[in-house]
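1. Attaching a predicted model along with its sequence, questions to come.
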Amino acid sequence: MKNLKIIGLFAIAILIVGAMLYFMENSTSWQTYTNARYAFSVDYPADWSLGEAPTNNDGREFFSPDDTLSCNAYGFPNALTGASGDPQTLDEFVDWLEENMGVDDILGRNRTKMAGQAATEIVMASGGTVSQAVYILGEETGYGLACYYPGVDAKDAFKTTFDHMRQSFSLSDASSAALGTEQCGNLLLGAVTPLQDLQTFSDTEYTEVTMTSREYWNRNMLPTQVPNLESRGYDCYPMPGAFGDSDGSAQPEVTRVDWSCELEYDDWKYVDTDADKRSAEQAGYTCVTESCTKADNTMSGVWRCTK
């Protein structure tokens, strides 16, 4: 009888732990990160923190509250060539990663979907860290979602959250994303900061800027537009625009830099009801309509109210 009681208590404990894990996995609240450079968005847990914005604004890192887990969502140019001399295919790109990332072991490689496109998931182990990444790749541009864990058990426990992040990863038109037009829900949540102005230009002189941290830029070699616009409150980001020849085994040298300089509104909000629009205008905001898409991908609109 005593053994039966112990077994019964053990079973109850398992049920309680299982219920707790289910609640934790299914009660996560989310925020949405949107990247204007590569025109993508992805959900991440609301209690996670954002890493510092990179110099080239290609994506963002996300860190768990205890800093034991991190994820990275980003875009990148498809600069490498495959055996045919054309831009790498997705399979060739993942092959290149396996050969050049210096990992200890490849734990898995599977086909999946991300942003409605064919994708490859690859799990790698190196120095006690396990990485899980999903990639999609076009002729010119690729996208990655990667998370890093202290071990396989942590990766397995994170499965529900990782799957949600992968399923939430979405692409939008680059020009509309840069101007803040995208899903209505993201706008109303405040996930996208509207721009007063966007200035773009190219430079072939100071190409090292894409590989150098902002604090180490040679200010004397920057295009004149950069310091001029920064002095007026713009934030300027360099992106590789063209590359030299590559032998397929290394990242080729950048030969042109495409600059984007953004001027954000300081005070803004998005609203979707007449009452909220009237309230904003009474508070001194100027409201204009802005197109966006609803959850079912049909076109709609909200009011962008700014001061």
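-> Done, it's in. What you see is a predicted model; the values in this text were computed from it and never measured.
2. From now on I want contacts and neighbour counts done on CA atoms only, so please keep to that.
-> OK.
3. Identify the residues contacting E139.
-> Taking CA atoms under 8 Å, 6 or more residues apart in numbering, we find E139 in contact with N78, P87, Q88, T89.
4. For the last one, grab the count of nearby residues.
-> Residues near T89, counting by other CA atoms under 10 Å, number 18.
5. if I look at it, how far off is D274?
-> T89 sits at a distance of 49 Å from D274 (criterion: CA to CA, to the nearest Å).
6. ok, back up a step: pick the one among the contacts of E139 closest to L145.
-> Distance to L145, by CA to CA, is smallest for N78 among the contacts of E139, at 15.7 Å.
7. who's in contact with S41?
-> T32, Y33, T34, N35, S168, F169, S170, L171.
8. Let me see the ranges of the strands in the stretch 201-307 of the chain.
-> 235-243, 254-264, 268-271, 286-293, 299-306 (DSSP state E, counting those that start in this stretch).
9. Buried ones in the fourth one, by neighbour count?
-> For strand 286-293, the buried set under the neighbour-count rule, 16 or more other CA atoms under 10 Å, comprises C287, E290, S291, C292, T293.
10. can you redo these as JSON lines with distance to A242 and pLDDT?
-> What follows is the buried residues of strand 286-293, written out as JSON lines (distance: CA to CA, whole Å; pLDDT from 0 to 100):
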{"residue": "C287", "distance to A242": "39", "pLDDT": "94"}
{"residue": "E290", "distance to A242": "33", "pLDDT": "85"}
{"residue": "S291", "distance to A242": "32", "pLDDT": "82"}
{"residue": "C292", "distance to A242": "32", "pLDDT": "80"}
{"residue": "T293", "distance to A242": "32", "pLDDT": "76"}
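11. Make TSV from those and add distance to H164 to it.
-> Converted to TSV, the buried residues of strand 286-293 look like this (distance: CA to CA, whole Å):
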residue	distance to H164
C287	34
E290	28
S291	26
C292	23
T293	20
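12. Just give me the closest of the contacts of E139 to E121.
-> T89 (14.6 Å).
13. Rank the helices and strands of this protein by mean pLDDT and give me the bottom one.
-> helix 174-178 (a mean of 37; mean pLDDT, DSSP states H and E).
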